[in-house]
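> here are the coordinates; sequence isn't available:
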């Protein structure tokens, strides 16, 4: 007995230490980033977040174009990738003939295994020229809109968003697929028992799995925020805030990778580290927000499931069944 | 790293004591990426001749090289732009700049239907990169190129995305030929570009230029030669339009000999002399004049002497211009300042 409880205690301590270690690492990263960027924090203060100058010669630095570029490209990637990834996940989990399932799973996961530099090269040689053709073919009345303005360069926000979308699709779709597979079979059986069509049954399953699916989407978003190599090769690397999809822009991870090696003054280096700090903060914020979103959904889900009616049978948008 | 090299020294002494191996020495360095191909060749060739000396070089960029030698985590550094006064003051000891080879930047462009090379001047290049000359048939360009039928297309400016020695040489030339560039943009490994789009590395810049008709960019001479990319000629201080070549780049260094400062921290862009290619530059090794480890110092000085002598013959085949004999003479005299015992 005593031996056993001692083992329990040891196990608890060891696992507890690992958990504390994780917290310590995160806090440590934050602390190091802060102390290493102190010159820049002192000099620019909060203005660093909202100024657009990036002038290494004059020693004047602001992070706004990079924050803008990172968020723009990641959200664009999310908008493009989410429907595709969910489509793949639903097809594989619900509709796909068994013989096709393994090859499809294998192929989507293969996409995740490709190194990002390879995506970048493919981007330069294949995607960018194609996007350039698309930009040339864009009709004049569309080019008058701020969303499509600018000369057709190929490199720019659209290329970055597309390449990121391709890169995050396998992550989102794999997790969403697993989540869908874990929906209890009873859910579907109950739906069919009530006379639901296949489409309605899938919708019920999606509703049941929605917290996990949001988690899958946020996982993709997190990956898009930090992606460096492929983005820097196609985004145009120009620190300018622009709403245009065709304009060359920049991202936080890309500027760190590009300029860190040659940063020759202390302030320049500190400004780059502070970009890292900002990226760290934004990534944390996004994770906290998505966590909050998932929690609030779980909460409302629990409330909804307390009454007799199972949530799976109360699809959120009944009009869509038409 | 310091403790590592001490460890290595201890290990060497032990090995010596045990009579296991001949005295073997490892020297670590870091810095510029631009001379990495020739440095790798040199270290390899030198090691073949002197198996007991192994030189390790990490091409992490000029800024990184200066930082690491200042922190004394490496024995020697390497840079494409000389250290600034501020950086020299930050270093714990006196640092010697040793020019090793020469490189150059060339302007490349994509003008479908235009044959023959385009001629540029520093002032026109600066105006293009300032966004003041925006069309290929601008009067300033047309005047320099009366033979070419320049189209009315927009100029798309391409520059390097990452901070680099290549950019330093290019903007240094622009600053010398255009007061406006000097005032508005300045000189550094990365600047705040008034216009343009950026590609990563020489390959990124040339890739963009090849894809976008009407674009202009700059790449290292070596890169243009190795990839057979056509490039324009540039007017030098003597008024000649010169194409970059190993000979015209070496000529730029020879032209600068008369005004060579004692510490070799000299920019040779827009140098005086005939047949000089104006966007040329030295690349430097950085050595402490009085380093702690005298054994490494002795081996390093021996290596540098070899690199400045026999080693120079490897330069042209790799696309680097060798140093003119006058410069080598000055350097050998300066090397005597490095303490080896």
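Nice, thanks for sending it over. Small disclaimer: the values here were computed from a predicted structure and weren't measured. Numbering: from 1, shown residues only, chains lettered A, B, ... in the order given.

> Which element, helix or strand, includes residue B:28?
strand B:25-31 (DSSP states H and E).

> Note down every partner strand of that strand and its orientation.
strand B:53-58 (parallel), strand B:76-79 (parallel) (DSSP bridges).

> Identify each buried residue in the helix or strand just after that strand, please.
Heading C-terminal from strand B:25-31, the first helix or strand you meet, by DSSP H and E, is helix B:36-49. By 16 or more other Cβ atoms under 10 Å in any protein chain shown, the buried positions in helix B:36-49 come out as B:37-39, B:41-43, B:46. Placement of C-beta: from N, CA and C, glycine included.

> Can you tell me which of those is closest to chain A?
residue B:39 (16.1 Å; Cβ to the nearest Cβ).

> quick revisit: single out the most deeply packed of the strands paired with strand B:25-31.
strand B:76-79 (a mean of 29; mean count of other Cβ atoms under 10 Å in any protein chain shown).

> residue nearest the centroid of chain A?
residue A:221 (1.0 Å; Cα atoms, centre = their mean).

> Report how many residues lie close to the residue nearest to that residue when sequence neighbours are not counted.
In space, and not counting its chain neighbours, residue A:221 is closest to residue A:78: 5.3 Å by Cβ to Cβ, 6 or more residues apart in numbering or on different chains. By the criterion of other Cβ atoms under 10 Å in any protein chain shown, residue A:78 has 20 neighbours.

> what residues does chain A put near chain B?
A:53-58, A:124-125, A:128-129, A:132, A:151, A:153-156, A:232-233, A:236-238, A:248, A:254, A:257-259, A:261-265, A:269 (Cβ under 8 Å from any Cβ of the partner chain).

> Among those, which ones are in helices?
A:128-129, A:132, A:232-233, A:254, A:257-259, A:269 (DSSP state H).

> what about the helices in the chain?
Picking chain A for this. Going by DSSP H, chain A shows helices at A:2-36, A:38-44, A:64-90, A:98-113, A:116-122, A:128-137, A:140-143, A:157-181, A:185-193, A:198-208, A:210-226, A:229-234, A:252-259, A:266-305.

> try again with chain B
So, for chain B - with DSSP H - the helices run B:2-18, B:36-49, B:62-70, B:85-90, B:122-130, B:139-144, B:165-177, B:179-184, B:201-211, B:221-226, B:246-256, B:294-308, B:325-335.

> how about low-confidence regions in the stretch 1-150 of chain B?
Within the stretch 1-150 of chain B, the ranges that satisfy pLDDT under 70 run B:1-23.

> Tell me the residue of it that sits nearest chain A?
Closest point on the stretch 1-150 of chain B to chain A, by Cβ to the nearest Cβ, is residue B:61, at 3.0 Å.

> I'd like to check which residues are in contact with that residue.
A:261-262, B:31-33, B:163-164 (Cβ atoms under 8 Å, 6 or more residues apart in numbering or on different chains).

> circling back to that earlier point, touching, the residue nearest to residue A:221 and residue A:223? I think so.
No - applying Cβ atoms under 8 Å, one finds residue A:78 not in contact with residue A:223, separated by 10.3 Å.

> Name the residues contacting each of the two.
Counting by Cβ under 8 Å, 6+ apart, the residues touching both residue A:78 and residue A:223 are residue A:168.

> I'd like the distance between residue B:148 and residue B:137.
10 Å (Cβ to Cβ, to the nearest Å).

> typed the wrong thing, it's residue B:193
Residue B:193 is 23 Å from residue B:137, by Cβ to Cβ.

> higher neighbour count, these two?
residue B:193 (23 against 13).

> Identify whichever of the helices of chain B lies nearest to residue A:189.
Residue A:189 sits nearest to helix B:201-211 of all these, at 55.7 Å, using Cβ to Cβ.

> Report all helices and strands that the closest one contacts.
helix A:128-137, strand B:95-109, strand B:156-160, strand B:197-199, strand B:215-220, helix B:221-226 (3 or more Cβ pairs under 8 Å, 6 or more residues apart in numbering or on different chains; DSSP states H and E).

> contacting residues around residue B:92?
If you count contacts by Cβ under 8 Å, 6+ apart, then residue B:92 has B:70, B:72 around it.

> For it, what are phi and psi?
Here is the backbone geometry of residue B:92 (degrees, to the nearest 10): phi -70, psi -10.

> what's the answer for residue B:336, then?
phi -60, psi -20.

> and it, how many residues sit next to it?
9.

> just to revisit the earlier point, now the contacts of residue B:61 in CSV, with distance to residue A:215 and neighbour count?
Shown next, in CSV, are these (distance: Cβ to Cβ, whole Å; neighbours: other Cβ atoms under 10 Å in any protein chain shown):
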residue, distance to residue A:215, neighbour count
A:261, 36, 21
A:262, 39, 30
B:31, 45, 33
B:32, 45, 31
B:33, 41, 23
B:163, 38, 25
B:164, 41, 29
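
> Among the residues you listed, which pair sits farthest apart?
The widest separation within the contacts of residue B:61 (Cβ to Cβ) is 13.4 Å, between B:31 and B:163.

> For the buried residues of helix B:36-49, give me a markdown table that also has distance to residue B:74.
Shown next, in a markdown table, are the buried residues of helix B:36-49 (distance: Cβ to Cβ, whole Å):
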| residue | distance to residue B:74 |
| --- | --- |
| B:37 | 19 |
| B:38 | 18 |
| B:39 | 13 |
| B:41 | 20 |
| B:42 | 17 |
| B:43 | 14 |
| B:46 | 17 |
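
> what's the farthest-apart pair in those residues?
Top of the distance list for the buried residues of helix B:36-49 (Cβ to Cβ): B:37 and B:46, 14.9 Å.

> Give me every residue in the stretch 1-150 of chain B lying close to chain A.
B:33, B:60-64, B:66-67, B:81, B:84, B:86-87.

> If you rank those by neighbours, which is first?
residue B:62 (32 neighbours).

> how close does the residue lying closest to residue A:210 once chain neighbours are set aside get to residue B:245?
Spatial nearest neighbour of residue A:210, chain neighbours left out: residue A:297 (6.2 Å); criterion: Cβ to Cβ, 6+ apart. Taking Cβ to Cβ as the measure, residue A:297 and residue B:245 are separated by 67 Å.

> cool, and residue A:248?
Applying Cβ to Cβ to residue A:248 and residue B:245 gives a distance of 33 Å.

> the more surrounded of these two?
Set residue A:248 next to residue B:245 and count neighbours by other Cβ under 10 Å: residue A:248 wins out with 29 against 17.

> For burial, what's the neighbour tally of the closest residue to the more buried one other than its chain neighbours?
Computed as Cβ to Cβ, 6+ apart, the closest residue to residue A:248 that is not its neighbour in sequence is residue A:236, at 2.2 Å. Using other Cβ under 10 Å, residue A:236 is surrounded by 29 other residues.
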